[in-house]
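Chemist: I'll drop the sequence and a predicted model, then ask my questions.
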Amino acid sequence: MLDIALLPGEYAVCRLAAGSTLPPGMSGGLSDGDVVTVSWTADGISVICPAHRAPEQAATETAWRCLRVAGPLDLAVTGTLAALVEPLAEARVSAVAFSTYDTDYLLVPAVRLGEATAALERAGHRVLD
């Protein structure tokens, strides 16, 4: 069983063109509980952030809610993401996952949040507000 915190507000999944620079202010001034993650590849830059911080020039998918596994998690632990994604897949709820050094995060569509939390709770996890 995992304890999972529902972060406040909506999140966005964004794509910037390869070679772009991050807008000023993306790396600082986070509110308590907010998370921003950035991934660079040869194909482009992906940003996951609170919706109100989404870069204006980015292709953006909004209306996601963010769930954080209570951590920190030991990096040697296996199966954490599988334990979360499998019940969501069975419930046919889309998910975007990302990890930090300390823990794992999941984004689920805001319109499917109730279904997502119910699926996670049926799988034995505890979702905390």
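Modeler: Everything's here; your move.

Chemist: Quick check: buried residues in the strand or helix carrying Ala118?
Modeler: For Ala118, the host element (DSSP states H and E) is helix 113-122. Under the neighbour-count criterion of 16 or more other CB atoms under 10 Å, helix 113-122 has Leu113, Ala116, Thr117, Ala119, Leu120 buried. Any C-beta I mention is one placed from the backbone N, CA and C, and that applies to glycine too.

Chemist: C-terminal to it, what's the next element?
Modeler: Per DSSP H and E, the helix or strand that comes after helix 113-122 is strand 126-128.

Chemist: Which strands border that next one, and is each parallel or antiparallel?
Modeler: Paired strands of strand 126-128, with direction, are strand 3-6 (parallel) (DSSP bridges).

Chemist: Off-centre distance for the partner strand?
Modeler: 12 Å (CA atoms, centre = their mean, to the nearest Å).

Chemist: Kindly report the same for stretch 20-38.
Modeler: The answer for stretch 20-38 is 14 Å, by CA atoms, centre = their mean.

Chemist: what about it, start to end distance?
Modeler: 12 Å (CA to CA, to the nearest Å).

Chemist: mind listing what's buried in that stretch?
Modeler: Met26, Asp34, Val35.

Chemist: Which residue in these has the weakest pLDDT?
Modeler: Across those, the smallest pLDDT goes to Met26, namely 75.

Chemist: check contacts around that residue.
Modeler: Val36, Val38, Val47, Cys49, Arg53, Pro55 (CB atoms under 8 Å, 6 or more residues apart in numbering).
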